[in-house]
Every structure is written in C-alpha cells, then in structure tokens.
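Peer 1: 3D, please:
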Amino acid sequence: MRSNNTSSILKRLPILFQKIYPLVPFIVIILFTVFAYSNTFANGFVFDDKDFILNWQETRYLYNIPSLIFKGDLPDGQQGVYRPFRSLLYVISYRLWGLNPLGYHLQALLIHLICTLFVFLIGYELTKNKLISTAAAVLFGLNPLHTESITFLTTSFDTAGIIFFLMAFYLYIKAEESRRPLFVYLGVYINTFIAIMFYEMTFTLPILLVLYDISFKRLTLKNIKQRLIYYLPFILIAIIYALLRLNAIGFQSRLNLLGKTYISVYHGARIESPELIFDYLKQLIYPQPLYTYYSLPSHITQLYVPFYNKLRFSDPALANIIFYFDFLVPIATLSLLIGIILLIFQRYPAVSFSLSFMLLSYLPVMSIFPQGSIRNDKYNYLASVGFCIFLAFILYKLHILITKILKLKYLSSVIPAIFLSLCIMYTTFTLVRNREYKNEVSLWTREAYTQKDDIPAELLAKNNLDASYLEEKKFNQGIILSKQILKFAPYDSMTHLNLGTAYLDKHELNKAQKELLLSIKYDPTNYRAYASLGSLNLIKKNYNAAVIDLKKAIKLDYSNYSLHYNLYLAYQGLNKKKKAENEFKITEKLEFLD
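Peer 2: The predicted structure follows:
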C-alpha cells in the first residue's frame, strides 16, 4: 500500500511541477529580494524623512490634495521641483501607516519588488530567454546601489514613479501583439503621464520607446509616418506637464532656491557631465563605497552648501577643462561604449538596447535642467535596469560559449559560480548599507569618518552627525564634533547653531549666545538661530530682546506655532496683555492645524 502511494505521488509530481514552473522565476526573485531588505524593518526615519513624513502637515488632510497637485506645495526647504503624484502618495501613505516606520519600509520594499518583477518581464521581452531575465531581475533586486532608493524612505516615494515608467515600457512592447492595441497604447500614455507626474527621471521614456522601435525594427523609413501617430501623445503629455508645472511653481527650480554659489557648481557640472556619467558607470560595475554625499573627482560637489564658498570653491577653469585628464578618460570611455553599441546594433539588438537604456537614463542628471543634487545613488536605479539585463546576457552567452561551443566541461561551473558570487556580494553590501540607515547616528557616523579624501562631503556628514547628537541629547559629543567642524569650516552657520543649541541645553548661556550670534552673522536667514536666541533671552528674562529675535524667526517661518507661543511668553513678561493674547490665539490656531 505504501509503495502504491509513493508511485502515485511520483506520477503526480511532474503535473504539479508543470503548474508551478511558470511561477518559479517570480518566487526566486521575490525571495532573494525580500531577504536582501529583511533587515530594514527595524529602521526608523532619517534625514529628509523628517521633512516629508514626520513634519509635513499638508499630507495629514485630504482637503489639501488640490493644493498639493495644482500648487505643488512642498515642505520648507524642499521646494523647486514639481512632483504632485509623489505628494499624493505621501497623503495616502499617512492614511495607511501614520507615523509608523515599519509600514513605510514595507511599502518601499513592495515598490522595489514591483520594479524588480518588471525587470524580469522586460528582460524576457528583449532576450526571449527566461534564464537571462531571471538572472537580470535577481541582480537588480539585490543591487546595493538601490538602498538609497528603497531603504531611504523619502527617496522610495520618487522610486514609485519608476513602476509606471516600467509598466508603460512593458505595455508598449506588448501593444503590437494585443488584439486591442489601441487600449494597450492608452495604458502606455496613462502610465507615462503618471510616471512624469511622480519623478523627472522618467522623462527619458519617449526617447527609449523610439530607440526600442529602431532597435527591433518596428520603426523603419517605410513606416515612419504611421509610427509618428503613436509618438504624438507623448508630446501632448509633455505640454500638459509643462503647463501644470508653470502654473504651480512658475520658473522656479532647485537652482533658484540654492543660491549663487550653486550656480557655478551647476555650470561646472554641466561641462563635466561625461565625468559624472563615468562615475555612475564605475559604481554600476562595483557598487562600493556608498555614501549620501559625493564629490566628483574635480571637486564639483553634488549640492550647494554655503560654507564651501569660504572653504575651497573657485569657479572651474572651463577654458582648459578639455585638457584635464579626469575629463578626457570619461570622454574616451563613453565614446568607446557608444561605438560598441553602434557596432553590435544589427546583430545583438537586445545588448545594444540595454546599453543604450543605461546611458540614456542619465540624461536628467546631466545638469541640462538644474536640480538640487547631481550625484546620488538613486540616479542609478533606472540605469541599472539596462545594466543588469546586459550583465545577465553576457554571463549567459559566456556560459554557452564555454559549455556548448568550446565544450570545456571542466569550466562549466565557472559562470554559475561568478553569478552566485555576485549575488552574495550584492546581498552582503545591501544588508550592511541597510543597517547604516537604522538611525541618524549610524548613518552619519560611518560617512563622517570614512571620507578623508573628500573634505566637502566629510564636513556635510559631520554636520548632520552633529545635529543627530543634539536630537539624542548627546550634548558633550555634539560640542566636541562642532568644534572639530569649525576648524575646517569656521563660517558654517549650521555648525554654530548646533554648538549654540548644545550650550543652551547645558544652560551655558553666554557661550550659547556667542555661537547663535555667529550663526546669524554667517546666515541671516537661519530662523532656527533666531528662535534659539529668543529662547535664550526668555531664560535670561530679557523680554525685549526675545521679542525682536522671535519676530525675526516668525518672519522666516510663520507657521511654526512654538515660535508664536514663545512670543506670547515674551509679551507676558513685558505685561503686554493684548499682544500676548493675540499670539496665544495664533498659537492655538496653528497647533490645531498641526
């Protein structure tokens, strides 16, 4: 009886396996990816998460949705971009998760999983090989470069737009096979619009679709007029986005908000775009080390920081830059890569298109349109789609060459071993980087003390670590670090503010006052310095001075109810009852809205 049952099971196994087999790639991809991000669930909120998740009051209420979409409202200090559907996702996420970081990390992982599965689907359409597409998706899912796009929660909201980018691209590939292609094309246009309303990195989609048609011979000289009909809606989408953006924020950009110093950085970065792309490509090949802040080899920094101008900045010598070695090497490398793409275009369209996909994904970060930063790991997320498909294809072809053509059986395990090693390396790097995102101190400690050759980035990281010490009430550590920073950057307003705040919390009032006045001297728009100085004068019962400082702080940040409450206390101290009563009413109103 037992043997009969066993044989019965054996007979049924192939049928069960045949039913499960189509799902095996998806199961493998999901399991590998989830494991790589399994240590993020205990992480908290870090860095910009505070602005966008913890403190952005507009996302708390559904009635703010029209202003988020049509006015482009963003947290203070984050303006200059127009991503209305990203803002809408913040509203939805708050309704789902409140301020629970676990919910946001689960959501971020889901976003990454969906993108990873689309990499499998697109990879299969390009190569018609499930093994290649599965390998590409696994490499994409595990890639440590994506930690900034996923583990850093604020950036995961940008990454959500890439879901719609990949969905539009996949639908476009499948449209010609559909019985109702017009409906599928409608899906392409809807997803394209959603993607662009989420994230500017998706603007390359129409270019990639045209390139796909050329690569796979859907676009020829004979049918170019017929295909143009399918391209025209993308122009309409771009016009609609431009009009909405113009209506919401006008001609404002991150460049306008970041100031004059950034302008020289921006123009220098535009000239050195090949160097920037070369830097991205190197990190695709070997994704280490990973930082929040980077500087280019020529010391064009990724974002504007006021004290750099005092520290080390001079305008790039643009006239002589073409002779600069670090510029010529990237130019030569990119030229070689483009030459390879053109050379293999006819014979290996999947390879040439994957490489083209990778390179074209960098167009939005070439400083053609000014942004708040020009060098972040998140800008490699989309490019790595093409890179992972290309890498998986090359590994597969090498394996075929070794085992089928050269028939070197003793080397048959070399390529699988290389792939497995890559997976282990990627997973290890990802898990380590995820752990650094656990909290502010763990994130900035590693970056503050491992970038010795990159002074601007090191100082930025130390500045953020300094602020983290303050939040965790580690005042002595903060004071020591502030003094270290000021040796290199004596004009940095934020460091003087951090030092002054630490002294204030330790009730060393004279030292605190000195540092806060220096903070205001080096940045008269630093409302936190005025606010802290107002609090200090309240403690000293110097109410007239407190009123002056707090009014200046309120002028810079009117919606901060704690400033109005402190002004109420100052007026109370001066026995100005009407003014005190008025400030108390404003405090109650703003606190209610909060």
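Peer 1: can you give me the strands in the protein?
Peer 2: Counting by DSSP state E, the chain forms no strands at all.
Peer 1: can you list the weak-confidence ranges in it?
Peer 2: Along the chain, segments meeting pLDDT under 70 span 1-19, 21, 252-272, 295-327, 367-372, 451-456, 591-594.
Peer 1: any idea how far Tyr469 is from Asn498?
Peer 2: Asn498 sits 8 Å away from Tyr469, going by C-beta to C-beta, to the nearest Å. Heads up, the C-betas are built off the backbone N, CA and C, glycines and all.
Peer 1: got a list of what Gln477 touches?
Peer 2: By C-beta atoms under 8 Å, 6 or more residues apart in numbering, the contact set of Gln477 is Tyr469.
Peer 1: picking that back up, okay, and the common contacts of Asn498 and Tyr469?
Peer 2: What both Asn498 and Tyr469 touch, as defined by C-beta under 8 Å, 6+ apart, is the set Gly478.
Peer 1: between those two, who's got more neighbours?
Peer 2: In terms of neighbours (other C-beta atoms under 10 Å), Asn498 is the more surrounded of Asn498 and Tyr469; the figures are 27 against 24.
Peer 1: what about the residue lying closest to Asn464 once chain neighbours are set aside, how many residues nearby?
Peer 2: Nearest residue to Asn464, sequence neighbours excluded (C-beta to C-beta, 6 or more residues apart in numbering): Trp444, at 4.6 Å. Here the count is done by other C-beta under 10 Å, and Trp444 has 26 residues near it.
Peer 1: likewise for Asn510?
Peer 2: For Asn510, the count of nearby residues is 9 (other C-beta under 10 Å).
Peer 1: can you pull the contacts of the residue nearest to Asn464?
Peer 2: Trp444 neighbours (C-beta under 8 Å, 6+ apart): Ala461, Lys462, Asn464, Leu465, Ser468.
Peer 1: repeat for Leu382
Peer 2: Ile162, Phe165, Met201, Thr202, Thr204, Ser361.
Peer 1: from these, which ones fall inside helices?
Peer 2: Ile162, Phe165 (DSSP state H).
Peer 1: which one of the contacts of Leu382 is nearest Ile480?
Peer 2: Lowest distance from Ile480 to the contacts of Leu382 (C-beta to C-beta) belongs to Met201, with 39.8 Å.
Peer 1: distance of the closest residue to Tyr124 other than its chain neighbours relative to Glu125?
Peer 2: Leaving aside its sequence neighbours, Tyr124 sits nearest to Ser133 (C-beta to C-beta, 6+ apart; 3.9 Å). Distance, Ser133 to Glu125, by C-beta to C-beta: 8 Å.
Peer 1: show me which of those two is the more surrounded one.
Peer 2: The neighbour count for Ser133 versus Glu125, taken as other C-beta under 10 Å, is higher for Ser133 (26 against 18).
Peer 1: what's the neighbour count on Phe179?
Peer 2: Not quite, residue 179 is Arg, not Phe. 6.
Peer 1: for it, phi and psi?
Peer 2: Torsion angles at Arg179 (phi, psi; degrees, to the nearest 10) stand at phi -70, psi -30.
Peer 1: next: Thr220.
Peer 2: Torsion angles, degrees, to the nearest 10, at Thr220: phi -130, psi 170.
Peer 1: burial of it, as a residue count?
Peer 2: Residues contacting Thr220 under the criterion other C-beta under 10 Å number 10.
Peer 1: kindly report the same for Ile196.
Peer 2: 28.
Peer 1: how near is it to Ile224?
Peer 2: Look at Ile196 and Ile224: by C-beta to C-beta, they are 25 Å apart.
Peer 1: now do the contacts for Leu126.
Peer 2: Applying C-beta under 8 Å, 6+ apart, the residues contacting Leu126 are Ser133, Ala350, Phe353, Ser354, Ile389.
Peer 1: neighbour-wise, which of the residues you listed leads?
Peer 2: Ile389 (31 neighbours).
Peer 1: show the contacting residues for it.
Peer 2: Val119, Ile122, Gly123, Leu126, Thr127, Ile132, Ser133, Ala136, Ala350, Ser354, Phe357.
Peer 1: if you set the cut-off to 10 Å instead, what comes out?
Peer 2: 119-120, 122-124, 126-127, 132-133, 135-137, 139-140, 350-351, 353-355, 357-358 (C-beta atoms under 10 Å, 6 or more residues apart in numbering).
Peer 1: and for Leu171?
Peer 2: Here Leu171 is in contact with Ser178, Phe183, Val184, Tyr185, Leu186, Gly187, Val188, Tyr189, Ile190, Asn191, Thr192 (C-beta under 10 Å, 6+ apart).
Peer 1: what's the closest non-adjacent residue to the last one?
Peer 2: Looking back up the chat, that one is Thr192. Ala168 (4.7 Å).
Peer 1: right, and that neighbour touches Phe198 too?
Peer 2: No. Between Ala168 and Phe198 there is no contact under C-beta atoms under 10 Å: 11.7 Å.
Peer 1: of the contacts of Leu382, buried ones?
Peer 2: Buried members of the contacts of Leu382, counted by 16 or more other C-beta atoms under 10 Å: Ile162, Phe165, Met201, Thr202, Thr204, Ser361.
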